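>>> mind folding the following:
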Amino acid sequence: MGSEESISRKHSCQHNQMKYKLKILMLIVLTNLLTIYIFTGPYSYMQYPISRFSQLSTSPVFDSTTLLLKLNSTRDELIASRSQIADLQKELRSAHSLVEELVVQLSRLNGAIDQASNPTKFTYNDLLDDVSDEAKLAIGPHKLPLGYTPRMGSDEVYFSVGGVA
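Okay, the predicted model is just below:
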C-alpha cells in the first residue's frame, strides 16, 4: 500500500508541480515588467513606436516636458484670471461711485421738492430733468433679458426693484 516507491513518486510529482508553478509565476512577472518598461520607458515613443497607443499616451510621471507645459498653461490661466478679477474690481468701484453720485443727486432733488412752495404735482420726467444722462440711464427702467414675464406683468424693471439683484 504505502511503499517507498509511491511516496518518492508523490514527492517528485509535487516537486515538479512546484517548479512548474514557480516558472509560470516568474514568466508572468517578467512579462509584466517588460510591458511596463516598453510603454513607459524614455525611448518608447520617440524612435520606434510599437503601437499607436505608445505614440499617443505617455506616462506623466516620466515626461517632464508635458508636466512643464501644463504648469506653464496653468500659470498663464491664473494670471489671466487675476487680471480679470482686477478689471471686475475696477468696474465695481466705478459702479459704486456712480451709485453714490445718484444718491447725492436724488437727495438733492428730494430736498428741492420739499422746499418748493409750488404745490404742483411733479411727474417722473420732471424729476429727471436735472439729473445727468448717466444717472437717468441708471435710474430708469431696465429691460429684462428674456423679455416679458407673466409673474411681473412687464418686460422691464425699475432700479429700486432690481437694485439688489
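
>>> and the helices in this structure, which stretches?
In order along the chain, the chain carries the following helices (DSSP state H): 4-40, 52-56, 64-115, 124-127, 133-139, 159-162.

>>> pick the most buried one from those helices.
helix 133-139 (a mean of 14; mean count of other CB atoms under 10 Å). For glycine as for every other residue, the C-beta is placed from the backbone atoms N, C-alpha and C.

>>> okay, that helix in PDB with CA atoms only?
Extracted C-alpha coordinates of helix 133-139, given in PDB (Å, rounded to 0.1, in the frame of the first residue of the first chain):
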ATOM      1  CA  ASP A 133     -27.700 111.300 -18.600                       C
ATOM      2  CA  GLU A 134     -25.700 108.600 -16.800                       C
ATOM      3  CA  ALA A 135     -28.000 108.900 -13.800                       C
ATOM      4  CA  LYS A 136     -31.100 108.800 -16.000                       C
ATOM      5  CA  LEU A 137     -29.700 105.600 -17.500                       C
ATOM      6  CA  ALA A 138     -29.100 104.000 -14.200                       C
ATOM      7  CA  ILE A 139     -32.300 105.100 -12.500                       C
END
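
>>> report all helices and strands that it contacts.
Where contact means 3 or more CB pairs under 8 Å, 6 or more residues apart in numbering; DSSP states H and E, helix 133-139 is packed against helix 64-115.

>>> pLDDT of the helix it packs on, averaged?
Helix 64-115 shows a mean pLDDT of 91 in the predicted model.

>>> one step back: tell me which of the helices of the chain lies nearest to residue 152.
Relative to residue 152, the nearest member of the helices of the chain by CB to CB is helix 159-162, separated by 8.6 Å.
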